[in-house]
Structure formats: structure tokens, C-alpha cells
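J.: Provided below for reference: sequence and predicted model.
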Amino acid sequence: MTAAFSDLAASPSLGVMHRYQTRLHLFYQRALHNLLLLREVAVPNEPNPISGHSSPQLPAPGPPSAQSP
């Protein structure tokens, strides 16, 4: 972008620079608005007690079965 603006600075095209500045400002405003919307979404920070962190009870391993193929 620096090279583009330095090339534009050599020519009298301030209108083009103003258009780019306005466009970048609108991109920034849109991104900021989206960020603020995402921050408003209520995401619970507490773990769900139903799913919890407990592992399911597995049956105790028994003797290997003697099945032949």
C-alpha cells in the first residue's frame, strides 16, 4: 500500500486517495461492529453438569475368551 500511495502522491489524484481512505475506514467500522456483536453473544463459561468431566463406567476386563476363528 505504501508503494501505491507514494505513486499516487506524485500525481494530483487526491480523490483516489480519499476514496481508498474512505473504503479502509468502512472496512474497519464493519469489522469493529461485527466484533462487538460477537462479544455480546452470551456463551456460558461453566461446564455442563450433565455431560461433566466424568468418564463412562466401563466393565471390568475378564478372562480372554477362547474363541477360534
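T.: Cool, got the structure.
J.: after the helix or strand hosting Ser6 comes which helix or strand?
T.: Using DSSP states H and E, the element containing Ser6 is helix 2-10. As assigned by DSSP H and E, the chain's next helix or strand after helix 2-10 is helix 14-40.
J.: list the helices and strands that next one packs on?
T.: Helix 14-40 is packed against helix 2-10, with contacts defined by 3 or more C-beta pairs under 8 Å, 6 or more residues apart in numbering; DSSP states H and E. Just so you know, the C-beta spots here come from the backbone N, C-alpha and C atoms, and that holds for glycine as well.
J.: for this protein, what helix or strand is lowest in average pLDDT?
T.: Using mean pLDDT, DSSP states H and E, the weakest-scoring helix or strand in the chain turns out to be helix 2-10, at a mean of 70.
J.: and Ala3, how far from Gly15?
T.: From Ala3 across to Gly15, the span is 19 Å (C-beta to C-beta, to the nearest Å).
J.: ok, Ser6 next?
T.: 17 Å.
J.: also Arg39?
T.: Distance from Arg39 to Gly15, by C-beta to C-beta: 36 Å.
J.: what of Leu35?
T.: Distance from Leu35 to Gly15, by C-beta to C-beta: 31 Å.
J.: report how many residues lie close to Tyr20.
T.: Using other C-beta atoms under 10 Å, Tyr20 has 14 other residues around it.
J.: ok, it to Tyr28 distance?
T.: 13 Å.
J.: could you do Arg19 as well?
T.: On the measure of C-beta to C-beta, Arg19 and Tyr28 end up 15 Å apart.
J.: one more: Glu40?
T.: Counting by C-beta to C-beta - Glu40 and Tyr28 are separated by 19 Å.
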